[in-house]
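[1] Give the three-dimensional model of this entry:
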Amino acid sequence: MIKDDTFKISRIRFDENYRPSDNTRLTTNFANLARGESRQENLRNVLRMIDNRFNDLAHWDNPDKDRYSVELEIISIEIRIDFDGGKDMFPLIEVLNTIIVDRKTDRRIDGIVGNSFSSYVRDYDFSVLLPEHNRTRTAFGTPRHFGDLHGTLFKCVVNSRAYGENFRKLPVICLSVSSNRIYHRTENQHPVLGVEYQQREFSLTDQYFEKMGMQVRYFMPPGSVAPLAFYFFGDLLSDYTNLELIGTISTMESFQKVYRPEIYNANAAAAACYQPSLTHQDYSTTRIVYDREERSRLAVAQGKFTEERFIKPYQDILERYCADCSV
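    Numbering: from 1, shown residues only. Here you go, the predicted structure:
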């Protein structure tokens, strides 16, 4: 059953000296950047990008655009499983948390947790379960109850005592928009989130996050060239301050420019009717090395690891956990 100690949350600073631990999902954006010969230069450059973008958006009372800096923490969430009289731990989720440093007032301001969302069970669902389900099918489909386990476990985490003791607000997860959907610009505009886009049919990722209890809205912030997908609980526009939202935008837009430059570092902004494309050629590259092919290979390997070490051996226990969460 779900207990007060079911989830364990740990933190580690993400800066130019960061090195991935043995337990870190190597498909995670920040872990991919932190390996190889260019690791320290990669990290230094992406952190500089985040700070510059933050100051660009938080321009009021900031004439030199150097008032703020963003500190990042890697938040690792493990699940404790009572099994055969013992307790096993399994790495469940990793996200980034933002802390905003205001140099003018010498204040440290909590940002929003949820950036660069990463999950072992999500790897299993999308890189193992889904391809296997469609291997012999003529038309694409999803397995029965696809995403149910992941969605329930995520809601368990958010409602847990461990989460409440560590974070005062619910997470916001910011991702790339889907390349197989068409987005339409609306007249709605937010001073920080920017112009809102809408689409007529949710993507598979949108549906997956809906099972996590999250809604989605699409905004293209000022100075951006493509909309971002924001997944959230409650009211995205009212529940978070402008600085909190800017922390999420500056962090995730910088990562997107690195590993999806075809969309987020394009040389022309999205039109009123917009379909993202990873085959788009008119874009600029950053000076940051990112191995997108390796990320895909590791996603499969880690999905299989999850199947062998978590899904299969603890299937009955996980079903009981999910039943407790639902109650």
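[2] Give me the neighbour count for residue 158.
    By the criterion of other C-beta atoms under 10 Å, residue 158 has 18 neighbours. No exception for glycine: its C-beta is placed from N, CA and C like everyone else's.
[3] Make residue 1 into 52 and carry on from there
    In the new numbering, first residue 52, that becomes residue 209.
[4] Report the contact partners of the residue lying closest to it once chain neighbours are set aside.
    Excluding the flanking residues, the one nearest residue 209 by C-beta to C-beta, 6 or more residues apart in numbering is residue 221, at 6.4 Å. Taking C-beta atoms under 8 Å, 6 or more residues apart in numbering, we find residue 221 in contact with 209, 283-285, 290.
[5] and of these, the nearest to residue 356?
    residue 209 (24.4 Å; C-beta to C-beta).
[6] gap between the closest one and residue 217?
    11 Å (C-beta to C-beta, to the nearest Å).
[7] about what we covered before: only the buried subset of the contacts of residue 221, as a ChimeraX command please.
    Buried subset of the contacts of residue 221, written as a ChimeraX selection, criterion 16 or more other C-beta atoms under 10 Å:
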select :209,283,284
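[8] Filter the contacts of residue 221 down to just the ones in helices.
    The helices, defined by DSSP state H, take in residue 209 from the contacts of residue 221.
[9] between the contacts of residue 221, which is closest to residue 252?
    When the contacts of residue 221 are ranked by distance to residue 252 (C-beta to C-beta), residue 283 comes first, at 19.8 Å.
[10] Excluding chain neighbours, what is closest to the closest one?
    Closest residue in space to residue 283, ignoring its immediate chain neighbours: residue 223 at 4.8 Å, by C-beta to C-beta, 6+ apart.
[11] How many residues are close by the one you found?
    Neighbour count of residue 223, defined by other C-beta under 10 Å: 25.
[12] phi, psi of it?
    Main-chain dihedrals, residue 223, degrees, to the nearest 10: phi -120, psi 130.
[13] Then the one 5 residues further on?
    Main-chain dihedrals, residue 228, degrees, to the nearest 10: phi -70, psi 160.
[14] ok now do it, which residues does it touch?
    By C-beta under 8 Å, 6+ apart, the contact set of residue 228 is 234, 248, 269, 277-280, 314, 327.
[15] Break down this protein into its strands, ranges please.
    For the chain, applying DSSP state E gives strands covering 58-65, 119-134, 137-153, 158-170, 224-227, 234-241, 245-249, 266-271, 279-283, 324-325.
[16] Now that we have these, can you turn them into JSON lines and tack on distance to residue 308?
    Shown next, in JSON lines, are the strands of the chain (distance: least, C-beta to C-beta, whole Å):
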{"stretch": "strand 58-65", "distance to residue 308": "17"}
{"stretch": "strand 119-134", "distance to residue 308": "15"}
{"stretch": "strand 137-153", "distance to residue 308": "16"}
{"stretch": "strand 158-170", "distance to residue 308": "13"}
{"stretch": "strand 224-227", "distance to residue 308": "11"}
{"stretch": "strand 234-241", "distance to residue 308": "19"}
{"stretch": "strand 245-249", "distance to residue 308": "16"}
{"stretch": "strand 266-271", "distance to residue 308": "14"}
{"stretch": "strand 279-283", "distance to residue 308": "11"}
{"stretch": "strand 324-325", "distance to residue 308": "17"}
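[17] Out of those strands, which is the most enclosed?
    Mean neighbours per residue, mean count of other C-beta atoms under 10 Å, is largest over the strands of the chain for strand 279-283, with a mean of 23.
[18] strands paired with that one, and their directions?
    According to DSSP bridges, strand 279-283 has the following sheet partners: strand 224-227 (antiparallel), strand 266-271 (antiparallel).
[19] Select, out of the ones you listed, the one closest to residue 372.
    In this view, the strands paired with strand 279-283 are compared for proximity to residue 372 by C-beta to C-beta, and strand 224-227 is the closest at 21.8 Å.
[20] what's in contact with the closest one?
    With C-beta under 8 Å, 6+ apart as the test, strand 224-227 has contacts from 146, 165-166, 168, 256, 260, 265, 279-283, 299-300, 302-303, 307, 311, 314-315, 327.
[21] redo that, cut-off 7 Å
    165-166, 168, 256, 279-282, 299, 303, 307, 311, 314 (C-beta atoms under 7 Å, 6 or more residues apart in numbering).
[22] Stretch 267-278 too?
    107-108, 228, 234, 241, 243-249, 257, 260, 279-282, 287, 300, 304, 314-315, 317, 319-321, 327.
[23] and if we set it to 6 Å?
    Here stretch 267-278 makes contact (C-beta atoms under 6 Å, 6 or more residues apart in numbering) with 228, 234, 244-248, 257, 280-282, 287, 300, 314-315, 317, 320-321.
[24] Off-centre distance for it?
    16 Å (C-alpha atoms, centre = their mean, to the nearest Å).
[25] hey, C-alpha coordinates of stretch 156-163 in PDB?
    Listed in PDB are the C-alpha atoms of stretch 156-163, where the atom choice follows Å, rounded to 0.1, in the frame of the first residue of the first chain:
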ATOM      1  CA  THR A 156      17.400  42.500  -4.200                       C
ATOM      2  CA  ASP A 157      19.700  39.700  -3.200                       C
ATOM      3  CA  ARG A 158      16.800  37.300  -3.100                       C
ATOM      4  CA  ARG A 159      16.400  33.600  -4.000                       C
ATOM      5  CA  ILE A 160      12.900  32.900  -5.500                       C
ATOM      6  CA  ASP A 161      11.500  29.400  -5.900                       C
ATOM      7  CA  GLY A 162      10.700  28.600  -9.500                       C
ATOM      8  CA  ILE A 163       8.600  25.700 -10.800                       C
END
